[in-house]
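Undergrad: Fold the following and give me the result.
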Amino acid sequence: MSSPTTENLGADGRFLDPEALKARFARLGVQIAADGAGPVGAYCGSGVTAAHQILALATIGIDAALFPGSWSQYASDPTRTPATGQRP
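TA: Got it, this is the predicted structure:
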């Protein structure tokens, strides 16, 4: 699910408070360990902004993995045919 990193920040440019971050990530389907959380991973176009997501998650006690190749590496594999159309 797309999750802009700017939504991790308050008007002052700092991370939201932990409860607000927990609520934000819960809306995105991320569960904390007590709720039976599974693995969490993040990726973006090149890996840079995904690192911001991982830091935000770490501030609320959620370990996440970075897919460093991100979309650029994934999409460059010729065996992966992109889905197209109204319902890809």
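
Undergrad: report the longest helix in this protein, please.
TA: helix 48-59 (DSSP state H).

Undergrad: Kindly provide the whole-number mean pLDDT of that helix.
TA: Model confidence over helix 48-59, given as mean pLDDT, is 91.

Undergrad: Pull up the gap between the closest residue to Gly45 other than its chain neighbours and Asp12, please.
TA: Distances taken as Cβ to Cβ, 6 or more residues apart in numbering place Trp71 nearest to Gly45, at 5.2 Å, with adjacent residues excluded. Where C-beta positions appear, they are placed from N, C-alpha and C, glycine not excepted. Distance of Trp71 to Asp12, given as Cβ to Cβ, to the nearest Å: 30 Å.

Undergrad: Which one of the two is surrounded by more residues?
TA: Trp71 (14 against 6; other Cβ atoms under 10 Å).

Undergrad: ok, now which ones touch the more buried one?
TA: Contact analysis of Trp71 by Cβ atoms under 8 Å, 6 or more residues apart in numbering lists 43-46.

Undergrad: okay, who's weakest in those residues by pLDDT?
TA: Out of the contacts of Trp71, that is Ser46, at 74.

Undergrad: Doesn't that one belong to a helix?
TA: No: assigned with DSSP: H, G, I helix; E, B strand; the rest coil, Ser46 falls outside any helix and is coil.

Undergrad: hang on, the earlier thing: how about the longest helix of the chain as PDB, C-alpha atoms only?
TA: Output in PDB follows, covering the C-alpha atoms of helix 48-59 (Å, rounded to 0.1, in the frame of the first residue of the first chain):
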ATOM      1  CA  VAL A  48      15.600   6.200   0.100                       C
ATOM      2  CA  THR A  49      12.100   7.100   1.300                       C
ATOM      3  CA  ALA A  50      11.400   3.600   2.400                       C
ATOM      4  CA  ALA A  51      14.200   4.000   4.900                       C
ATOM      5  CA  HIS A  52      12.200   6.900   6.400                       C
ATOM      6  CA  GLN A  53       9.200   4.600   6.800                       C
ATOM      7  CA  ILE A  54      11.500   2.100   8.600                       C
ATOM      8  CA  LEU A  55      12.700   4.700  11.000                       C
ATOM      9  CA  ALA A  56       9.200   5.900  11.700                       C
ATOM     10  CA  LEU A  57       8.200   2.200  12.400                       C
ATOM     11  CA  ALA A  58      11.300   1.800  14.700                       C
ATOM     12  CA  THR A  59      10.200   4.700  16.800                       C
END
